[in-house]
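Colleague: Next come a sequence and a model predicted from it.
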Amino acid sequence: MRARNLLSVLPILQGALAVPHESREQLVLGFEGLVAESEAYTDFSHEIYGEIYRGAERLWGDVVKETKKVAHKAESVVEQWFESGREYIKDHADGIVYEVVTHPEFPEMRIRVTSPKLCDPHVTQYSGYLDIAEDKHLFFWFFESRSMPATDPLLLWLNGGPGCSSSTGLLFELGPCNIVNEGKSTEPNKWSWNNYANTLFLDQPVNVGYSWSDSETVNTTPIAAEDVYAFLELFLNRYPKYSKAPFHIAAESYGGHYAPNIASTVFKKNKALALAPNPRVKHINLASVMIGNGLTEPLTQFASIPEYACNGPYPIFDDPEGPQCQALRSKVPTCQRLIKSCYDYGSRWTCLPAALYCWSQMYGSAQQLGLNLYDVRRKCNRAEDGDLCYKELVWIETFMNNDSVKKELGVNPKLDFASCNMDVNKGFMMQGDSMHDSAALIPELLENGVRVLVYAGNADYMCNAIGNLQWMLNLESPFQDEFNKGPSQPWTALTTGKIAGEVRSAGGNGYSAGNFTYVSVFGAGHMVPSRYDQPEAAADLFVRWITDIPLALTKEELEVMNSPFGGLGPVLN
């Protein structure tokens, strides 16, 4: 199989099959080194590492196209002034005016803010950059709630990859507008999540989307989480009215790694702040983590792939006992042994072999079928739909590379935008980052009142719904017994009155959406809120989660309970 073909379906999640810019001889020596380094840790045979190498050899194929960030203007003239107690700068190279926000606790950082009117001109917006260092800049785009921005919660949305821009969520899924007309324009999204939440979209880590650096790189989730925390502190200190409301982290796909790590970082910073109060640092009111079709606990999730492929709601192989299914099942023990070694020792030398073997062996046969692995109900015609099987992602690049759009958002017009950056993707992969157990961070959050929702479209192959439920059942937490014993119940979308999926929940005694909750979304793929999937049901799920309204109850049952649902009607109806 050519590397180009298999890689084309992975960037939204994890381009684990991309190979480094090394010669084949260097690759061989590298894997020999992995064997030597791992002998102290594992009893894996040379035969296993031979399989890994042969998999990489087969996948060498075409060189993956690199995504480069252009050098920023080096000699632009910047004008600085103060007005009404605020600092402003104007870069005369592109004519963009920014407000500059600094923080005494983060002296090396600043935020540059503009106020665009794109996408949803009827709400207050902010966009711009967190300048982490001289050469490290994260792009953000914020939309106030359409409802009650003074009291509505704050939502941070992150797309996966690693290496994919949050613009996918903004312009194709849950954002205030949808991309249309081949990227020439947008239209309002009735089911946007900013109907009931102040919503932040962040391009992270550095070099994703509009975020950029000429020299800095980030290739592990924990480091990325520290940068996100710094951004939140600067943003909330500048806009303190959003700091008092509940804060929710929502992430998709590789966000199954991002969200727990960011939430854990926020929780630990809050804890340290409680021990040593500092009035200049905000306590972030972390309320919940939401993971959509995420990669969170690879040991369990990779092992679920044969069950989904052969016996799932949309099986991709005709015969569950046929040669394709038997071959897929035969790969699970090796994949799990490699992942277990990564869990036990956490080093690149144990995690990279797991990434190379598991991604290639568990996904390779599926890619040959010509399906959209993000939604196996659909075929993928890359000539028409693009490399990632959704033509709208190509349209997003057209829109975001429009010079007038860039200027409105405070982006250097010379900066090239790509939906997914394969260099970032490969950097995470070569650290073995995708094989770490991010679910291990969740019990501490649950013990301290942070609620966790995992939802999964049941037509997604990449992070299938079966594996997401299984890792939750396996997780040792204060809610494990209740979660495992509790039955799956139908979830009826309040807007349609139709069953939209199944829910299993623990915590809340049936009077809330739960503390540890799983939802299988029927008839949806990897990107549940997209127009190809279940945007209306996704909006129902989101609103009921953030308002803590039971998911298993119908509208009639909620009315009997005198639920506050009535106040949600204007948006959901």
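Modeller: Nice, thanks for sending it over.

Colleague: in what helix or strand does the nearest residue to residue 432 once chain neighbours are set aside lie?
Modeller: Excluding its sequence neighbours, the residue lying closest to residue 432 (Cβ to Cβ, 6 or more residues apart in numbering) is residue 351, at 2.5 Å. Backbone N, C-alpha and C define where each C-beta goes, glycine included. Per DSSP states H and E, residue 351 falls inside helix 348-367.

Colleague: so after that helix, what's the next helix or strand?
Modeller: Heading C-terminal from helix 348-367 (DSSP H and E), you reach helix 382-385.

Colleague: in that following helix, what counts as buried?
Modeller: For helix 382-385, the neighbour count (16 or more other Cβ atoms under 10 Å) marks residue 385 as buried.

Colleague: low pLDDT regions in this protein?
Modeller: Filtered on pLDDT under 70, the chain yields the residue ranges 1-77, 92, 216, 219, 561-573.

Colleague: What residues of stretch 334-344 count as buried?
Modeller: For stretch 334-344, by 16+ other Cβ under 10 Å, it's 334, 335, 336, 337, 338, 339, 340, 341, 342, 343.

Colleague: same question, stretch 149-157
Modeller: Neighbour-count burial for stretch 149-157 [16+ other Cβ under 10 Å]: 149, 152, 153, 154, 155, 156, 157.

Colleague: what's the neighbour count on the residue nearest to residue 432?
Modeller: 25 (other Cβ atoms under 10 Å).

Colleague: With residue 498 instead?
Modeller: Around residue 498 there are 11 residues (other Cβ under 10 Å).

Colleague: quick one on the thing from earlier: looking at the buried residues of stretch 149-157, which is nearest residue 327?
Modeller: The closest of the buried residues of stretch 149-157 to residue 327 turns out to be residue 157 (Cβ to Cβ; 37.8 Å).

Colleague: before we move on, back to that, tell me which other helices or strands the helix holding residue 351 touches.
Modeller: helix 3-7, helix 24-38, helix 46-58, helix 298-303, helix 305-311, helix 323-345, helix 422-430 (3 or more Cβ pairs under 8 Å, 6 or more residues apart in numbering; DSSP states H and E).

Colleague: give the contact list for residue 187.
Modeller: 177, 178, 180 (Cβ atoms under 8 Å, 6 or more residues apart in numbering).

Colleague: Which strand residues bridge the last one?
Modeller: On the basis of DSSP bridges, residue 180 takes part in beta bridges with residue 185.

Colleague: residue contacts, it?
Modeller: Taking Cβ under 8 Å, 6+ apart, one finds 186, 187, 395 in contact with residue 180.

Colleague: repeat for the first one
Modeller: Applying Cβ under 8 Å, 6+ apart, one finds that residue 177 lies in contact with 118, 119, 120, 170, 171, 186, 187, 188, 189, 192.

Colleague: can you tell me the distance between the two ends of stretch 206-224?
Modeller: 8 Å (Cα to Cα, to the nearest Å).

Colleague: So what's the gap between it and the chain middle?
Modeller: 15 Å (Cα atoms, centre = their mean, to the nearest Å).
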